[in-house]
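[1] just the structure for this:
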Amino acid sequence: MSKVAVVYWSGTGNTEACAQAVAAGAEAAGASVDLCSVDSFDAAKTADYDGVALGCPAMGDEELEDSEFQPVYEEMKAALVGKKVGLFGSYGWGSGDWMDSWKADAEGAGISLAHDPVIVNEAPDDDAEAALKELGAALV
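    Model (predicted):
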């Protein structure tokens, strides 16, 4: 059985709702899933998983949250190479530039994404939830 970690940071609860949908998609596809807030996850745990979904909302000038999420992501990068990886997050303003930058950073580090990143404006609606579940299934 495939084991998937869904690791996220959420300020308003929107990215947490996204994480729950990703986890549901991976479970429906047959994976064992651990849903983890980034403050309870560290890079060493990455080795325990076949797939990892990372979720972070747009912050500041369309960037990753830099005090909790970014440091863990930076530590995880090398361990994510060769694994099935997915990126997701929510935003309330802007156009999604933070996700484009994040995707480029991940690919530049040698990380192959199993699915196109999923961005959600505010809380996930039915269409966003379906896309998030598809991302979760792609990690299995």
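[2] give me the phi and psi angles of the residue nearest the centre of the chain.
    In the chain, the C-alpha nearest the mean C-alpha coordinate belongs to residue 54, at 2.0 Å (C-alpha atoms, centre = their mean). Phi and psi for residue 54, reported as degrees, to the nearest 10, are phi -120, psi 130.
[3] give me the pLDDT for it.
    pLDDT for residue 54: 98.
[4] wait, doesn't it sit right on residue 85?
    Yes. The criterion here is C-beta atoms under 8 Å, and residue 54 meets it with residue 85 at 7.1 Å. Quick note: C-beta positions are derived from backbone N, CA and C, even for glycine.
[5] longest strand in this structure, please.
    Secondary structure assigned by DSSP state E gives strand 84-91 as the longest strand of the chain.
[6] list of residues touching the following helix or strand past it?
    Using DSSP states H and E, the helix or strand that follows strand 84-91 towards the C-terminus is helix 97-108. By C-beta atoms under 8 Å, 6 or more residues apart in numbering, the surrounding residues in contact with helix 97-108 are 56, 58-59, 62-64, 77, 80, 85, 87, 89, 91, 113, 117, 119.
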